[in-house]
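Novice: Need a 3D model of the following:
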Amino acid sequence: MSDEVKELRKRLINDCIISRKEGNMQIADGIKVALFEIDHLYQPYFCTDYSQGDGDDD
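Specialist: Numbers count the residues shown, from 1 in each chain. Below is the predicted model of the structure:
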């Protein structure tokens, strides 16, 4: 994980904590989704087939 991504993750965690304290659960939930995506950024999606068509690219 790059330093920039680590810094972004740290800022998002702080924003999530602040949002929860302020009672804004909608924003806190959105930030949690973003944190999940960052944590799994370099992992392939399970059972995802990215191919399209029949493979005949003529």
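
Novice: Look at I13 and report its pLDDT.
Specialist: If you check I13, the pLDDT there is 93.

Novice: Please report the distance of it from V33.
Specialist: 13 Å (C-beta to C-beta, to the nearest Å). Glycine gets a C-beta too; all of them are placed from N, C-alpha and C.

Novice: In space, not sequence, find me the middle residue of this structure.
Specialist: E37 (1.8 Å; C-alpha atoms, centre = their mean).

Novice: so that residue is in which element?
Specialist: Taking DSSP states H and E as the criterion, E37 maps to helix 25-39.

Novice: Can you mark which positions in stretch 6-23 are buried?
Specialist: In terms of neighbour count (16 or more other C-beta atoms under 10 Å), stretch 6-23 has its buried residues at L12, D15, C16, S19.

Novice: what about it, distance to the chain center?
Specialist: Centroid separation between stretch 6-23 and its chain, computed with C-alpha atoms, centre = their mean, to the nearest Å, is 14 Å.

Novice: same deal with stretch 17-34?
Specialist: On C-alpha atoms, centre = their mean, the centre of stretch 17-34 falls 14 Å from the chain's centre.

Novice: can you count the residues close to I31?
Specialist: By other C-beta atoms under 10 Å, 21 other residues sit near I31.

Novice: Show me which helix runs longest in this structure.
Specialist: helix 3-21 (DSSP state H).

Novice: got the angle for that helix vs helix 25-39?
Specialist: When axes from the mean of the first three to the mean of the last three C-alpha atoms, to 10 degrees is applied, the directions of helix 3-21 and helix 25-39 differ by 160 degrees.

Novice: How far does helix 3-21 sit from its chain's centre?
Specialist: Computed by C-alpha atoms, centre = their mean, the separation of helix 3-21 from the middle of its chain amounts to 12 Å.

Novice: Just give me the closest of the buried residues of stretch 6-23 to Q43.
Specialist: Lowest distance from Q43 to the buried residues of stretch 6-23 (C-beta to C-beta) belongs to L12, with 18.4 Å.
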